[in-house]
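*Asks:* Here is my input; please provide its structure:
(chains A and B)
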Amino acid sequence: MERENPSSEMLSESELQNHLEEKEKGEKVGIFRANNNFLLRELAGEAVLVPVGEAGVFENTVISLNETCCFLWKLFQAPHTAQEAVAEARKEYSDPDGTMEQGINDFIKEYVNYGLLKEE
Amino acid sequence: MKTWKRPLTMVQKFEANEYCAGCESGITYLFDCNAGGGAHADIYLADGTNLTAGGSRYFHACDAKHEASTTSDFESGYMLLNGGSDETGHWVRNGFLDWDYVEYEKIPVIIWRGDGDVHATITLNQNEWEVTRS
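*Replies:* Here you go, the predicted structure:
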């Protein structure tokens, strides 16, 4: 049977399977929660995370958070998706530069990478 | 309403100070080398090994207190007041022509060799040893 568009390529079975898996991954909404091995405390007017229990790479460290970081940490004490975090942040903060959503996504990505946030 | 700023996290690593005053590792014994009171003798481990074997080698108490960590090896042993002769006994006259071979009394000691020399104390109860705390 002749192909309608001879220039297009057919995917092999394995390529098709990979494509479907990637699409599914992109559509899956992650729910994130703060790792309870880190406690938020205020020291000398600064918000810090104190590692307790299994600290991993954060053994013998002090983790200081700026205000927006602190806000997000408190938010993720309860499970939230990234979209929910953005919605909550918009209630508290104006976003004149339009960097809020990207900033929150970066925060989640980095914190998950270092084990500070856990995906449920 | 506050203005959104990029979330920033600063991680500072510090070196933990693990010094602990009064911990077992900070206690030092003052090992009183007093066995024999200055008389020449031989010192043996509990298994009979003579630590001062040799015609010219002998033990005599230096009557000094040596700083010994509590983690040092303190060994049980005994002392023979044999003048450092390596002999375990000596002949004692019993009558005009009779001699008896008498074993030297084994005097229990605790031995410390932390500084490469042989030191011994007759104070067997370590709880009675003087200590210093660093």
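
*Asks:* Would you mind measuring from B:W4 to chain A?
*Replies:* From B:W4 over to chain A the distance is 4 Å, taken as Cβ to the nearest Cβ, to the nearest Å. Quick note: C-beta positions are derived from backbone N, CA and C, even for glycine.

*Asks:* Contacts only, for that residue.
*Replies:* For B:W4, the contacting residues are A:T68, A:A89, A:Y93, A:S94, A:D95, A:P96, A:D97, A:T99, A:M100, A:G103, taking Cβ atoms under 8 Å, 6 or more residues apart in numbering or on different chains as the criterion.

*Asks:* wait, which of the residues you listed is closest to B:T132?
*Replies:* Proximity of the contacts of B:W4 to B:T132 (Cβ to Cβ) peaks at A:T68, which lies at 54.7 Å.

*Asks:* can you give me the end-to-end distance of stretch A:52-59?
*Replies:* Terminal residues of stretch A:52-59 lie 9 Å apart, using Cα to Cα, to the nearest Å.

*Asks:* Residues of chain B that sit close to chain A?
*Replies:* B:1-16 (Cβ under 8 Å from any Cβ of the partner chain).

*Asks:* if we go to 7 Å?
*Replies:* Within chain B, the residues that sit near chain A (Cβ under 7 Å from any Cβ of the partner chain) are B:1-14, B:16.

*Asks:* Chain B next: which of the contacts of B:W4 are close?
*Replies:* Applying Cβ under 7 Å from any Cβ to the contacts of B:W4, one finds that A:T68, A:A89, A:Y93, A:S94, A:D95, A:P96, A:T99, A:M100, A:G103 fall near chain B.
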